[in-house]
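Engineer: Here's my sequence, what's the structure:
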Amino acid sequence: MNKGYWMVRVDITEPEKFKAYVAANAQAFEKYGARYLARAGAFHAVEGGTRSRNTIVEFPSYQAALDCWHSPEYQAARNLRANAAEIDIVVVEGYDGPQPLLR
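Structural biologist: Predicted coordinates:
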């Protein structure tokens, strides 16, 4: 079973409202076994567009990532961030297949 990931890009417009969202989404993340792999750290856009913050959240499975998004806990948190941020979230299945040879 492949892991699942949320790839998140955010421009925060209302920092206090966004803090309430972050605090509330912790409940859903804990329930679905999420962990942060990257969270608003330094970045350098080498190609294409971006936003001011980037986050990668790992889940034990692709299904868990989808279930978390659709959960009542996450939807309640999501409602708290209304008008607090411009956000892009993509749920993607992890890859555990062959890798290129490194020389």
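
Engineer: so how far is stretch 14-32 from its chain's centroid?
Structural biologist: Distance, stretch centre to chain centre, for stretch 14-32: 11 Å (Cα atoms, centre = their mean, to the nearest Å).

Engineer: Residues touching it, excluding its own?
Structural biologist: Residues outside stretch 14-32 that contact it (Cβ atoms under 8 Å, 6 or more residues apart in numbering): 10, 12, 34-35, 57, 59-60, 64-65, 67-68, 71, 73-74, 76-78, 80-85. Just so you know, the C-beta spots here come from the backbone N, C-alpha and C atoms, and that holds for glycine as well.

Engineer: Please produce a ChimeraX select command covering the buried subset of the residues you listed.
Structural biologist: To isolate the buried subset of the contacts of stretch 14-32 in ChimeraX, counting by 16 or more other Cβ atoms under 10 Å, use the following:
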select :10,12,34,57,59,64,65,67,68,73,74,77,78,80,81,84,85
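
Engineer: Surely residue 73 is in a helix?
Structural biologist: Yes: Residue 73 forms part of a helix when assessed by DSSP: H, G, I helix; E, B strand; the rest coil.

Engineer: Show the contacting residues for it.
Structural biologist: 27-28, 31.

Engineer: For those, which single residue is the most surrounded?
Structural biologist: Scoring those on neighbours with other Cβ atoms under 10 Å, the highest-scoring entry is residue 28 at 21 neighbours.

Engineer: Per-residue pLDDT of that residue, please?
Structural biologist: Looking at residue 28, its pLDDT reads 97.

Engineer: Roughly how far does it sit from residue 18?
Structural biologist: Residue 28 is 16 Å from residue 18, where distance means Cβ to Cβ, to the nearest Å.

Engineer: could you measure residue 85 against residue 60, distance?
Structural biologist: With Cβ to Cβ as the criterion, residue 85 and residue 60 are 26 Å apart.
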